[in-house]
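Engineer: Predicted coordinates and the sequence they were generated for:
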Amino acid sequence: MKRLISLVFVMLAASFLVAPSAQAVTAHCDSSLYPNKVELDGSSTTVATGLAPGTQVCIKAGTGTVIVTVDGDGNITQSGLTNKNGQALGISYYAYGDGPTYPPS
């Protein structure tokens, strides 16, 4: 019985040691630089923001972030963060600096 308890303890201890390394580290946009956050559903890689062209925006997609610039039509596009098949990930949220809390509709 002692041997069985020892074996169970060793197996549990080993599982705790392996688990953290298997988890991906998730990056987030720096809220001190980009305080205005707009949550999205992650279904699209391009989003109409209503922000002024040239505005710098932080995009969160998957477990990473990328900084982009709003295009001439007020849109942002994320193509730098991809899945293992090379397909761009949908935008979970974007955040930007100065201005209104939410972009105009």
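Structural biologist: Perfect, thanks for sending it.

Engineer: Let's see the pLDDT reported for the closest residue to Ala24 other than its chain neighbours.
Structural biologist: Nearest non-adjacent residue to Ala24, counting by Cβ to Cβ, 6 or more residues apart in numbering: Thr63, 4.8 Å away. For glycine as for every other residue, the C-beta is placed from the backbone atoms N, C-alpha and C. Thr63 carries a pLDDT value of 95.

Engineer: His28 is in contact with Thr63, correct?
Structural biologist: No. Applying Cβ atoms under 8 Å as the test, Thr63 and His28 come out as separate, 9.7 Å apart.

Engineer: thinking again about what came up before, can you pull the contacts of the residue nearest to Ala24?
Structural biologist: Residues near Thr63 by Cβ atoms under 8 Å, 6 or more residues apart in numbering: 24-27.

Engineer: To be precise, which single item in those has the lowest pLDDT?
Structural biologist: Among the contacts of Thr63, pLDDT bottoms out at Ala24, giving 70.
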